[in-house]
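J.: Coordinates only, no sequence provided:
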């Protein structure tokens, strides 16, 4: 137990931050300024990892275009960030809910209430990914420390299943044989020692945004910078779909609404119908021919 404690104490995510050593002695405004200064270092750390983020994004895109699945697996803050990704991608880019799946140490309830010790069970992560992952899938293990047993178990199982395995961590000193790719974000020690929901959490969220967004861009889910596969699951998204169709289709809002009704709220098809002046069937065939890439149809 003593050796394990020593090992954990040496993790970069557990180090004491000398810049915030007197934090509890400062007035509130200075506390906020200190926290803001620490946060300002995060984008630079993420920028340094862009070559690895690029590889991860390409792997996700290839899996998506091959109709494979992408799994996020994590514990605590890291797990919850994976849940956010999996939950928000379907309405934004029109992907099936089963395509992106998040696994959380301790199960669904742990998303809302911390389940202590769940992250320490290697076999749980291993078992859960073994049941789900297949060859060609992508398993993204999210672990600020880089040593979370539950996450490493998932990566190990993913590797055995023939999946591409990615370790997303804020520990640049850590790598895993179970990960075919490591994205390491060197954000330095936390303002509050060991509180990885802070800089590590923010950096992880930025990296996940970059991986998923860029993967969707190169998979044809975006035209210019518009989400042309948005799902109209709320009033706000209905209005957004109308605005996108009107703008890109170069038609009135009323005509955009009519086209969306004809297509079953398929924004991409409505845009092609408007711009090319063709019927529903021809628009769908054209989109299928170009594998969903509007730039190939509209320029």
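T.: Structure received. The structure presented is a predicted model; accordingly, all values stated were derived computationally and were not measured. Residues are numbered from 1 along each chain as shown.

J.: Quickly note the distance from residue 225 to residue 213.
T.: To residue 213, residue 225 is 10 Å away according to Cβ to Cβ, to the nearest Å. Yep, even glycine has a C-beta here, placed from its N, CA and C like the rest.

J.: got it, and residue 271?
T.: Applying Cβ to Cβ to residue 271 and residue 213 gives a distance of 20 Å.

J.: More neighbours: which of those two?
T.: Taking other Cβ atoms under 10 Å, residue 271 and residue 213 do not tie; residue 271 has more neighbours (30 against 16).

J.: Now do the SS call for the more buried one.
T.: With DSSP: H, G, I helix; E, B strand; the rest coil as the basis, residue 271 sits in helix.

J.: doesn't residue 242 make contact with it?
T.: No - Residue 271 is not in contact with residue 242 according to Cβ atoms under 8 Å; the separation is 11.5 Å.

J.: now the strands: where do they sit in the stretch 51-200 of the chain?
T.: Counting by DSSP state E, counting those that start in this stretch, the stretch 51-200 of the chain has these strands, from start to end: 70-74, 100-104, 138-142, 164-169, 181-184.

J.: Count the residues that sit near residue 47.
T.: Neighbour number of residue 47 under other Cβ under 10 Å is 11.

J.: which stretch of helix or strand covers it?
T.: helix 42-48 (DSSP states H and E).

J.: From residue 81, how far out is the residue nearest to the spatial centre of the chain?
T.: Nearest to the mean C-alpha position of the chain, by Cα atoms, centre = their mean, lies residue 208 at 3.5 Å. Going from residue 208 to residue 81 by Cβ to Cβ gives 6 Å.

J.: swap in residue 32?
T.: Counting by Cβ to Cβ, the gap from residue 32 to residue 81 is 24 Å.

J.: neighbour count winner among those two?
T.: Legend: neighbour count by other Cβ under 10 Å for residue 32 and residue 81, higher for residue 81 (23 against 11).

J.: Show me the protein divided up by domain.
T.: As assigned by automatic domain parsing, the chain contains the domains 12-217, 235-298.

J.: ok so, going back, what comes into contact with the helix holding residue 47?
T.: In this structure, residues lying in contact with helix 42-48 by Cβ atoms under 8 Å, 6 or more residues apart in numbering are 53, 185, 186, 187, 188, 199, 202, 203, 206, 207, 210.

J.: How about the contacts made by the third one?
T.: Which is residue 186. Counted by Cβ under 8 Å, 6+ apart, residue 186 has contacts 12, 45, 48, 170, 172.

J.: now for the domains of the chain, which one comes closest to residue 229?
T.: Closest to residue 229 of the domains of the chain is domain 12-217 (Cβ to Cβ; 3.3 Å).

J.: Just the endpoints, please. Distance across the closest one?
T.: 33 Å (Cα to Cα, to the nearest Å).

J.: Quick one: mean pLDDT over that domain.
T.: In this model, domain 12-217 has a mean pLDDT of 96.

J.: cool, and stretch 259-268?
T.: Confidence over stretch 259-268 (mean pLDDT, whole number) is 97.

J.: Just give me how far it sits from the chain centre.
T.: 28 Å (Cα atoms, centre = their mean, to the nearest Å).

J.: for stretch 201-218, same thing?
T.: Relative to its parent chain, stretch 201-218 has a centroid offset of 5 Å by Cα atoms, centre = their mean.

J.: Tell me how many other residues surround the spatially closest residue to residue 87 that is not a sequence neighbour.
T.: Nearest residue to residue 87, sequence neighbours excluded (Cβ to Cβ, 6 or more residues apart in numbering): residue 102, at 7.4 Å. For residue 102, the count of nearby residues is 22 (other Cβ under 10 Å).

J.: isn't residue 102 right up against residue 83?
T.: Yes - the criterion here is Cβ under 8 Å, and residue 102 meets it with residue 83 at 4.3 Å.

J.: what touches both of those two?
T.: Shared contacts of residue 102 and residue 83, counting by Cβ under 8 Å, 6+ apart, come down to residue 72.

J.: circling back: please list only the buried members of the contacts of residue 186.
T.: Buried members of the contacts of residue 186, counted by 16 or more other Cβ atoms under 10 Å: 12, 45, 170, 172.

J.: Tabulate those residues in a markdown table, adding columns for distance to residue 164.
T.: Listed next are those as a markdown table, based on distance: Cβ to Cβ, whole Å:
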| residue | distance to residue 164 |
| --- | --- |
| 12 | 26 |
| 45 | 24 |
| 170 | 21 |
| 172 | 21 |
